[in-house]
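**Q** Show me the folded form of this:
(one chain, ligands or ions: 1)
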Amino acid sequence: MSKNDVDFALSDSSWSCSDLQTNIIKLEPKVTKRKKRVPCSKFMKKIETLQEIEEKCQSYFHRHLDNIWQNLILTERHAALLYQAAQTLSERISSSFFFVYLVEDDKLVNYQKTLDGNIVRGEEEEINKLSLAGSVAEKKMSLLIEDTENYRGYLESLDFKVDEIKSIICVPICDPTEVCLAVLEFFRIGVSTPFTSEDRAYIVANAGWIGAAIHQSVYNQEILEQERMKSKLMNYTQKYFSGERMAIETLQNMGITLKSTITANKLTIYAIDKSWGEPLVWIYREGYCVDHTELVRKNLPMTMDEIPKIFTIVINTGEKVVVTSSTDPRFGDHDRHKFGTYVRNLVLHPTKTHKGHVQGIIALLNKDVKGLTPKEEIFLDIIGDYCSLCCIHWQYEIRILKQKWSIIELKTLLNHNLAPCHHETKLYIENLKTFSVPEGFDSLTWYIHPEEVDSIPQLVYYMMDDLMGSELLSKECLAQYILKVRSAYRQVTFHNFQHAFNAAHCMYTIIKRNMNVFTEMEKKGLFLGALCHDADHPGLSNNFLMLIKSRTVLLYDGESPLENHHYYVTMAILQETKIFKNLDEKSYRDMALEIRKTIISTDLAVHFRLRNESFQLMFENFNFSEIKHRDYLKCYVTTACDLSGNSKSFSVVKKLTDNLLQEFYHEGDTQKSMNVKPLSLMDREQYDYVPKDQVLFLEVVVLPCLEVLAEVLPNTEELLRQTLKVRQKWIVIRDRGIEYWRYISRRPGGSMEARDTEPISTPEPH
Ligand SMILES: [Zn+2]
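**A** Model prediction:
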């Protein structure tokens, strides 16, 4: 029989162990599914969320396992187990002797039992068709030679000494991916009867189970290793991402772990420092302490020109570089003396910023075995990425810390800036003695007379003293507080201290009518909120600030940015000027929350959202004992106060509307200069339509709010009645036409009532 005939017989084998193993593996869908996962190739490309990092870590482990299967090297322990199994099988099929081979790379390694019972490594041979076991390992199919006489030619061509050998069974042991892990050979010698196909079937079936068992064992081993790796990384996470360690300390620790894991002789860390303009490279080398747990920074940094040339590959590509020989062309003469020792091999791993720029290099010199095993490579990648994460984390920590400091500085500056001088406070307190409360002050529709504007701080004092006097610290302290709040308002035409005072006055009159409705904490929150609700208002809208991406918007993440800023200023003043006597920490927090609710609800966007949720409820199911219902009510009260400029006499309403329009038109003009079309409300060319817009605004925004208020707090109905009157005036003007509106709007001062009687036929010339 020729060699080709034997090959044919081999491949014709109808029952190969790989078939069996495929069937076994099919019972483990988890494993086959895992194989389909695409391993993540780059960990640091983009760091977004912790979850993503976790997922990427997971995929590392999967890739790790994939690598294990692709590069599986069985251990001595596996060899011993395999030998024992082969011995049992050998006894069962009465073979005369047997051989166990393990596959390592492209070699078959024979394992033998010594006299003292140890399983030891024996000779090794290349895997090819030139030996029986090699041929089986390559084809991954079992072989049965019943009678060697019939195959003598073939066997001798394999350099096989037939001698007394009568019969042979040779089977491969494969893993689930059809990689041959080992080969078992069984022989019968002399006159004994030959092996039968049943014997072969028995061995093949068992080989299948042995393959599955090895698979399971390696799998378990990997799970254990995963657990160890996870707990190590968890340890790093807890240690370095929560404490206040310096980044370099962390790098040192990770570098040292790395060095010991991949058994290198020397560790050096290069940190690129760009804080001085021209980048400098600081070098951290191992010190002389016994356990090598500390790196020492060299006194002088290197410039980028002085660093080893090979580093530029890492810096430019952001990828690690592994040099396995000192003759590697990437490792030029220029570099040799830079490491302070003879370099046999070298691993360079980058640490990167969140933008992926290389900010440091971990260098490991003279590893025991050249090159990296797949396991070491993965470990290096993970630790390298952790180092990067750690540095990024640390940079953010520093940024946050700096920001905290600058916020404290800003608050101090703000308070210095706002603080009234000693004389001003003194004068203010003096004036308190002589001032008297104006007539009609208790009315919801009262508005300050232009001649009394200077007494606004005294009136604020009066209201605060009236509402919460017993809780307040001292006259001087309160005076300072009120003067600071006044200074916090800018000199804009509408959102100024007078507007704040008007809102606060309206709030005061509502609270006074409902002293038993609101708690003391709510009263404080509502009144202080109303007084400060537009503090430091720039006279521009949230929409405009968003359009120009102002810092205020960035600072407060786009949600009610102005209102958040007003709240911030409010609390900065309150923290500095502690006006309350006995407010413990919890009460202070509660008050801050109430103030916040008040101020944030002056954002009409917030008001509309809450109105949508609650409008029907306010009429049908309102319950004072429900916290949520109370919150809704406070929102309506606050909006009513903020918009109470529409609930005054018409001449006041007209004046306030003009003031507001001045701010709006300024914003509209700026938008036009940016080629953005402003809202018609902010477009001075749409001035003719102001009466129409005002009617609409009252009907859509103000009146529904006041209707709710009149329903829940009937003693506020005056606001609704007056606003209905104002709406009527606007309707009259709207209906009389544009010419009439132009005519009256050009007349400064005076009462609206008088103007209303002017005949439409006598408009002033343009
Ligand atoms: Zn306001």
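
**Q** L102 against A80, yeah?
**A** No - using C-beta atoms under 8 Å, L102 is not in contact with A80; the gap is 10.8 Å. C-beta coordinates here come from the backbone N, C-alpha and C atoms, glycine included.

**Q** So for those two, which sits in the more crowded spot?
**A** L102 (23 against 16; other C-beta atoms under 10 Å).

**Q** Give me the phi and psi for the more buried one.
**A** Here is the backbone geometry of L102 (degrees, to the nearest 10): phi -110, psi 140.

**Q** and P350, what helix or strand is that in?
**A** According to DSSP states H and E, P350 maps onto strand 346-352.

**Q** partners of the helix or strand following that strand, with directions?
**A** Tracing the chain past strand 346-352, the next element assigned as helix or strand by DSSP H and E is strand 358-367. Strand pairing for strand 358-367, determined by DSSP bridges: strand 264-273 (antiparallel), strand 346-352 (antiparallel).

**Q** So for the last one, mean pLDDT?
**A** When pLDDT is averaged along strand 346-352, the result is 86.

**Q** again, but for the first one
**A** When pLDDT is averaged over strand 264-273, the result is 82.

**Q** by contact count, what packs against the following helix or strand past that strand?
**A** The helix or strand immediately downstream of strand 264-273 is strand 280-286, counting by DSSP H and E. Strand 280-286 sits against helix 247-261, strand 264-273, strand 295-297, strand 302-303, with contacts defined as 3 or more C-beta pairs under 8 Å, 6 or more residues apart in numbering; DSSP states H and E.

**Q** Not counting the third one itself, show me its contacts.
**A** For strand 295-297, the surrounding residues in contact (C-beta atoms under 8 Å, 6 or more residues apart in numbering) are I248, Q252, G255, L267, I269, W282, I283, Y284, R285, E286, G287.

**Q** try the second one
**A** Strand 264-273 has contacts (C-beta under 8 Å, 6+ apart) with 248, 251-252, 255-256, 258-259, 279-286, 292, 295, 301, 307, 311, 315, 339, 341, 347, 358-368.

**Q** And those, which of them are buried?
**A** Neighbour-count burial (16 or more other C-beta atoms under 10 Å) is assigned, among the contacts of strand 264-273, to 248, 251-252, 255-256, 258-259, 279-284, 286, 295, 301, 307, 311, 315, 339, 347, 358-367.

**Q** Quick check: which ranges of the stretch 601-750 of the chain have low pLDDT?
**A** For the stretch 601-750 of the chain, the stretches flagged by pLDDT under 70 are 748-750.

**Q** Could you tell me which residues of it lie near the ion?
**A** Proximity of the stretch 601-750 of the chain to the ion (C-beta under 5 Å from the ion) is limited to residues D642.

**Q** Residue of the stretch 601-750 of the chain nearest the ion, please.
**A** The nearest approach of the stretch 601-750 of the chain to the ion comes at D642, 4.3 Å away (C-beta to the ion).

**Q** before we move on, the earlier item: please identify the most buried of the strands paired with strand 358-367.
**A** For the strands paired with strand 358-367, the largest average neighbour count (mean count of other C-beta atoms under 10 Å) is found in strand 346-352, namely a mean of 25.

**Q** The ion is nearest to which of the helices and strands packed on strand 280-286?
**A** The ion lies closest to helix 247-261 among those, at 46.3 Å (C-beta to the ion).

**Q** What is the closest one packed up against?
**A** Short answer (3+ C-beta pairs under 8 Å, 6+ apart): helix 247-261 packs on helix 197-240, strand 264-273, strand 280-286, strand 295-297, strand 358-367, helix 374-418.

**Q** ok, now with 6 Å
**A** For helix 247-261, the elements it packs on are strand 264-273, helix 374-418, judged by 3 or more C-beta pairs under 6 Å, 6 or more residues apart in numbering; DSSP states H and E.

**Q** would you turn these into a markdown table with distance to the ion?
**A** Formatted as a markdown table, the helices and strands packed on helix 247-261 follow (distance: least, C-beta to the ion, whole Å):
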| stretch | distance to the ion |
| --- | --- |
| strand 264-273 | 49 |
| helix 374-418 | 19 |
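
**Q** In a markdown table: those, plus distance to D631.
**A** Below are the helices and strands packed on helix 247-261 laid out as a markdown table (distance: least, C-beta to C-beta, whole Å):
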| stretch | distance to D631 |
| --- | --- |
| strand 264-273 | 52 |
| helix 374-418 | 28 |
